[in-house]
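>>> Build me a model from this:
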Amino acid sequence: MITTFLYNALSFKKIYYKIRFSYFSVLMRHLLLLTLLIPIFCFAGKQAEERLEASVQAQMQQSVSDLASQKLIFSQKEEADQWLNNMSSRLSRFVPDPVYRRDFLVTLQYEASRAGLEPEMVLGLIHVESGFRKYAVSSVGARGFMQVMPFWPKTIGTKEQNLFHLRTNIRYGCTILRHYLDIEKGNLVRALARYNGSLGKTQYPNAVISHWKRYWAYQPFISPMKTASTGDNILKN
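Residues are numbered from 1 along each chain as shown. Take a look at the predicted model:
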């Protein structure tokens with residue numbers, strides 16, 4: 001009888017822990033899913049549709065319609081390759097396909113540089129806005145990598161433009177952020193808050209800047225030989 005009791009007790013204990021472990025696994029899966037969705041919904045704001053001055057609208061229209069071929073903007077190919085390899089390594093956990101990852105980085109670096117923005121800062125913004133999800137849609141309808149509001153193509157482009165298209169999305173995002181920076185006279189915190197539709201609050205700008213500095217800050221490597229060569233030239237001059 002005691003043996004039977006002990007057997008039943010052990011069986012009950014096994015079932016209990018099996019159920020508990022199963023519940024814990026389901027809970028962890030849900031928490032993981034929630035964590036993956038945080039970049040999309042945590043800072044979902046709503047840019048205000050504004051009436052643009054004719055000159056500003058014309059300038060932004062020209063910016064988004066320019067179809068010049070994209071390329072990395074660096075003074076030397078060595079610097080371009082160094083930046084691309086460094087950023088590609090960091091981005092691989094978000095964008096596994098190496099071909100698409102290269103296309104993404106070339107597009108981003110070109111469009112950000114063209115708009116006078118730090119490419120690494122734009123990477124921080126995308127990290128927060130969409131978690132590098134091409135088809136992300138926020139609760140207020142913002143779309144794509146840079147979470148561009150759907151009224152923008154009607155305002156500065158054409159209704160046919162697809163905000164889920166890589167180059168279109170990043171070009172619009174960079175053009176809009178440049179516009180807000182100009183309005184705020186270079187104040188990045190206020191410009192980012194405008195971009196998110198949360199002017200007057202600092203949670204979103206702080207998140208973007210934090211992700212920029214923590215995950216995407218970049219310092220180009222200068223070889224000792226190059227430094228010595230530069231020093232020799234300075235001494236000779």
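>>> how near is Ala142 to Ser89?
The gap separating Ala142 from Ser89 is 29 Å, by CB to CB, to the nearest Å. From N, CA and C alone the C-beta is placed, and that goes for glycine too.
>>> the more surrounded of those two?
The neighbour comparison of Ala142 against Ser89 (other CB atoms under 10 Å) goes to Ala142, with 25 against 10.
>>> ok, for the more buried one, nearest residue in space, not its chain neighbours?
Closest residue to Ala142 apart from its sequence neighbours, by CB to CB, 6 or more residues apart in numbering: Met149 at 5.3 Å.
>>> Just the pLDDT for that neighbour.
For Met149, the model assigns a pLDDT of 95.
>>> got the phi/psi numbers for it?
Backbone torsions for Met149, taken as degrees, to the nearest 10, come to phi -70, psi 140.
>>> hang on, it packs against Val137?
No. Counting by CB atoms under 8 Å, Val137 is not a contact partner of Met149; they are 11.1 Å apart.
>>> Please enumerate the shared neighbours of the two.
Residues touching both Met149 and Val137 (CB atoms under 8 Å, 6 or more residues apart in numbering) are Arg143.
>>> These two: who's more crowded?
Met149 (22 against 17).
>>> which residues does the more buried one contact?
46-47, 49, 140-143.
>>> State the distance from Thr155 to Ala142.
15 Å.
>>> Quick check: buried residues in the strand or helix carrying Tyr172?
Using DSSP states H and E, Tyr172 sits in helix 166-183. Neighbour counts over helix 166-183 (16 or more other CB atoms under 10 Å) mark 166-181 as buried.
>>> just stretch 189-202 next, same as before
In stretch 189-202, counting by 16+ other CB under 10 Å, buried: 190-199.
>>> can I get the CA coordinates of that stretch in PDB?
Extracted in PDB, the C-alpha atoms of stretch 189-202 (Å, rounded to 0.1, in the frame of the first residue of the first chain):
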ATOM      1  CA  VAL A 189      15.800  65.600 -30.200                       C
ATOM      2  CA  ARG A 190      13.000  67.800 -31.300                       C
ATOM      3  CA  ALA A 191      13.200  66.700 -34.900                       C
ATOM      4  CA  LEU A 192      13.000  63.000 -33.900                       C
ATOM      5  CA  ALA A 193      10.000  63.800 -31.700                       C
ATOM      6  CA  ARG A 194       8.300  65.500 -34.600                       C
ATOM      7  CA  TYR A 195       9.100  62.400 -36.700                       C
ATOM      8  CA  ASN A 196       7.400  60.200 -34.200                       C
ATOM      9  CA  GLY A 197       4.500  62.600 -33.700                       C
ATOM     10  CA  SER A 198       5.400  63.100 -30.000                       C
ATOM     11  CA  LEU A 199       6.800  66.700 -30.000                       C
ATOM     12  CA  GLY A 200       7.400  67.800 -26.400                       C
ATOM     13  CA  LYS A 201       8.300  64.300 -25.200                       C
ATOM     14  CA  THR A 202      11.700  62.800 -25.000                       C
END
